[in-house]
Structures are given as C-alpha cells and as structure tokens.
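K.L.:
Here's a sequence, model it:
(one chain, ligands or ions: 3)
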Amino acid sequence: MDALDSSTLRTEQPVRLHRPAPARPRAASPWTTDAVLALIESPFMALVQRAHAVHRAHFPEGDVELASLLSVKTGGCPEDCGYCPQSVHHDTGVKAGKLMALPEVLVAAQAAKDAGASRFCMGAAWRSPNDRDVEKVAELVRGVRGLGLETCATLGMLEPQQAERLAEAGLDFYNHNLDSAPDFYGDIIGTRDYQDRLDTLARVRDAGIRVCCGGIVGMGETRRQRAGLIAELAALDPAPESVPVNNLVRVEGTPLAGQAPLDPFEIVRVIAAARITMPAARVRLSAGRRELGDGIQALCFMAGANSIFYGDRLLVTGNPDVAADRALLARLDLPVAGAAAQEAAA
Ligand code: SAM
Ligand code: DTB
Ligand code: SF4
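P.N.:
Ligands and ions are numbered 1, 2, ... in the order given. Sure, this is the predicted structure:
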C-alpha cells in the first residue's frame, strides 16, 4: 500500500477499467444525489454537528458494534472487481482455497467472541454460490449462531431459494454492497451490473434477512459519485440496517493499486451523509482504517459511525490490531455493543 502523501490527498481521476455505465433512473427518494451532494459539501463542522445530533437521537447509548470477519473461501474469484485482491483477473499473490470446514470456522468465531465481537461475518470469494455451497454455509451459520454471535455472510449473488435457505438457517444479515454510484460502477466492475446487485438485495429482503449494504470510497470517483452511492443506499426501501463504508485498501497487483488516497476528511463527510440519510442504520467504518489514524477515526465516530470491523484481519488484508482498537474506544469513552463485548472488556 502507498503511504499517505498530503500532496496527493485526493484525485478525481479514476483508473479507467471498463466502459462507463449510463446513469440509471432511481426510485423516488427524498435523498436525491443533489440533496446528498449538498450535504457533503456543507461546511465541515456544521455537517459533523448535524450528523452527530441525528446519531444521538437514534442511538442514545452511543455504543460501537464490533464485527469480526473471516474469509471462509478465499481467492480464485471469476469476477473482475478492480479493487479486489481475490479476483483471478489480478495478480496479487492471493491463493485460491476451498470452503473452510465447520470446526475451523467455529474456532475463529469463538476467538472473535472471546475478544469482544458481537457479530461474525463470513466472506466467500464467489460470483454466486451453488446450492451445495449454500447448504454448507447454512451449516456454518447454525454453528456460529450456536455460539451466541450474530451472523452475517457475503457470498455474492443469490437466487431466491438460496436466500431462503440461509434465512432458514437463521442468518441474521447478508452483506452485498452497491460499491459505487451507478455511473461509476462500469469503471470498476465489468462482469456483472448494478441491477444484479439490486436483484440480490431484493431477494435477501424478501427472505426476511436483514441487509448490510454499503460501498467503497477512494476509487477515483468524484464527490458527486460518492453522493450518488449514498443516495442509492438511502433509496433502498427499507434502508439497509448496516451500511459499511470502506476506504479502498490499495492492494499491489489490482488495477486500483496506484490510486491516490482520498482526503480522510472526505471519508468523515461521507460517514456523516450516511448517518443523516439513514439515521437508524449501523454505519460501519469498514476497510481501510489502518490509513486513517486515531484522530480521523474519532471524527468518524462523532459523525455517526457506530460499528467497525474488529480483528487483525479483514478478508485477506490487515486491520488495526484488537488491542489498539480497544484502547482507542476506551480513550474515546465509547462503549462496545452487546453482552459478549462487555464481558470481554471487563
Ligand atoms: N464476493 C462477494 C461479493 O463481492 O459480494 C463477497 C466478498 S467481497 C470481498 C465483499 C466486499 O468487500 C466488496 O463488495 C467490496 O465492497 C469490499 N472490498 C473488497 N476489496 C476491497 C478493497 N480492496 N478495499 C475496500 N473494500 C473492499
Ligand atoms: C465490506 O463492506 N467490507 C468487508 C466485508 N464487507 C466483507 C470486506 C473488506 C475487504 C477488504 C480487502 C480484503 O481484505 O480483502
Ligand atoms: Fe469476487 Fe467479491 Fe472480490 Fe468481486 S469483490 S472479485 S465478487 S470476491
């Protein structure tokens, strides 16, 4: 990864991978792209103050949810997502593995719980799972739930009956990101389109699973396109219960490895916009926290972030270590959400 260099803090020049997709007509929502852009462009302190007020009104306890990630099936993915180290299209040195077995997953889940996590998210580098894969993941979900953790899975595109099988297994959340605004998406991903993502999200909803849906910033998108992503998320009906905001992790070998880092204050603005437009959601300050530093993370919490990925690894890249995160939350007097987290802290 590149070091943060203040001379290249923000770029509006995308690394162009694919043909740009035309803007798609969106469902009626009070949060148009223009309205979200106006929010993001409002004076920084006023924006953070407004977001903080919304946050306190909807989350009076001010707690932070700790979600741990495990890559249960790593690498070898046929999709060409320009940011992703697990795509076969990019030479990143990530080796393809098989789906992990239940006992191994339970060891990792128990360790996450012991460290204080309340949610355990299992990620698989699939375009879409086959039915046998879904049955195996359903077993993992049952096992992890049995440990008293909330479960989340992110497995790619789902068919309706696959979403139903996961719901029957008790899956609490399904993560499937819109990733970008529709008019930037084609620059980043060529092997499936925006509507595919919306279709999977609808199937997850119809099956009764709560939705975790967000995106990535820092891929070379414009500010307007960041606003477009937030507008799309806020237009989902109902809005997602969890909204991960990922700061691009620039991985050597991916087409976006050379992307200049985004101004970290811009990430705070995006978090604030997510909080104001989706007031009841857990807004997760997700990948890319290692580059942000404690001060920017504190501003993100102020602006309404109330969840983080917790644990030394994300899927295949690193994350701040557990001790550093616990120390940061303690220094900021931020309580952790959930009984397990409180026990681990004691
Ligand atoms: N294959 C499934 C899919 O794409 O839906 C699930 C796993 S995929 C790794 C889940 C999400 O991780 C992506 O949608 C993207 O938002 C995020 N992600 C992947 N690589 C990233 C990176 N280098 N930086 C930030 N976020 C990333
Ligand atoms: C999400 O929005 N971010 C997570 C999770 N959902 C699955 C993944 C981040 C991946 C970061 C790069 C990596 O380690 O592969
Ligand atoms: Fe595959 Fe998901 Fe990575 Fe895209 S983001 S290449 S679908 S693992």
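
K.L.:
My guess is residue 133 contacts residue 125. True?
P.N.:
No: Residue 133 is beyond contact range of residue 125, at 11.5 Å (criterion: C-beta atoms under 8 Å). (Each C-beta comes from the backbone N, C-alpha and C, glycine too.)

K.L.:
Now list whatever residues contact both of those two.
P.N.:
residue 73 (C-beta atoms under 8 Å, 6 or more residues apart in numbering).

K.L.:
Between the two, tell me which one has more neighbours.
P.N.:
residue 125 (26 against 17; other C-beta atoms under 10 Å).

K.L.:
Give me the neighbour count for the residue nearest to residue 84 when sequence neighbours are not counted.
P.N.:
Once flanking residues are discounted, residue 84 sits nearest to residue 254: 6.6 Å by C-beta to C-beta, 6 or more residues apart in numbering. Neighbour count of residue 254, defined by other C-beta under 10 Å: 23.

K.L.:
how near is residue 254 to ligand 2?
P.N.:
10 Å (C-beta to the nearest ligand atom, to the nearest Å).

K.L.:
did I read that right, that residue in a strand?
P.N.:
No: counting by DSSP: H, G, I helix; E, B strand; the rest coil, residue 254 falls outside a strand, being coil.

K.L.:
In three-state terms, label the nearest residue to residue 277 once chain neighbours are set aside for me.
P.N.:
Sequence neighbours aside, residue 234 is the residue nearest to residue 277 in space, at 4.0 Å (criterion: C-beta to C-beta, 6+ apart). The local conformation at residue 234, judged by three-state DSSP, is helix.

K.L.:
Kindly tell me how buried residue 234 is, as a neighbour count.
P.N.:
Using other C-beta under 10 Å, residue 234 has 24 neighbouring residues.

K.L.:
Settle this for me: it is touching residue 36, isn't it.
P.N.:
Yes: applying C-beta under 8 Å, one finds residue 234 in contact with residue 36, separated by 7.3 Å.

K.L.:
joint contacts of these two?
P.N.:
residue 277.

K.L.:
Select the longest strand from the protein.
P.N.:
strand 65-73 (DSSP state E).

K.L.:
now that one: mean pLDDT?
P.N.:
Mean pLDDT, computed over strand 65-73, is 98.

K.L.:
helices and strands around that strand, which ones?
P.N.:
In terms of contacts (3 or more C-beta pairs under 8 Å, 6 or more residues apart in numbering; DSSP states H and E), strand 65-73 is packed against helix 102-115, strand 119-124, helix 131-146, strand 282-285, strand 307-309.

K.L.:
out of those, which comes closest to ligand 3?
P.N.:
strand 119-124 (7.6 Å; C-beta to the nearest ligand atom).

K.L.:
strands paired with the closest one, and their directions?
P.N.:
strand 65-73 (parallel), strand 150-154 (parallel) (DSSP bridges).
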